[in-house]
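Undergrad: The amino acid sequence is not available; the structure is as follows:
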């Protein structure tokens with residue numbers, strides 16, 4: 001189990017880079033993995049042409065799903081960060097109720 005303070009500290013540094021960079025850095029590896037796997041499977045195990053290499057449904061799914069998962073991951077980590085701050089640093093949290 002990871003030390004919560006270390007995890008929060010790493011997240012504090014990572015969130016400074018912004019949501020867009022987080023989405024790209026979390027979406028790029030799965031996207032490249034799917035493309036690479038698709039290329040290997042198509043070239044090694046089928047006799048089809050390069051047109052079948054990039055299945056449109058697969059690419060659209062990967063392009064839509066991986067950023068959504070990254071946004072969900074960002075939201076989850078922000079929630080953990082906020083709850084941690086509320087618990088250990090109640091004087092630093094802002095009251096946005098008005």
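TA: On my side now, so go ahead. Just so you know, these numbers come straight off a predicted model, no measurement behind them.
Undergrad: what's the offset of stretch 57-65 from the middle of its chain?
TA: Its chain's average C-alpha position is 15 Å from that of stretch 57-65, according to CA atoms, centre = their mean, to the nearest Å.
Undergrad: Please work out the average pLDDT along the helix or strand in which residue 25 is found.
TA: When elements are defined using DSSP states H and E, residue 25 is found to belong to helix 19-45. For helix 19-45, the per-residue pLDDT values average out at 85.
Undergrad: which residues does the residue nearest in space to the middle of the chain contact?
TA: Central residue check for the chain by CA atoms, centre = their mean: the C-alpha nearest the mean position is that of residue 70, 2.7 Å away. For residue 70, the contacting residues are 22-23, 26-27, taking CB atoms under 8 Å, 6 or more residues apart in numbering as the criterion. To be clear about C-beta, it is placed using only N, CA and C from the backbone, and glycine gets the same treatment.
Undergrad: For stretch 5-23, buried residues please.
TA: Neighbour-count burial for stretch 5-23, with 16 or more other CB atoms under 10 Å as criterion, is recorded at 8, 11, 22-23.
Undergrad: who's in contact with that stretch?
TA: Residues lying outside stretch 5-23 but in contact with it, judged by CB under 8 Å, 6+ apart, are 67, 70-71, 73-74, 77-78, 80-81, 84.
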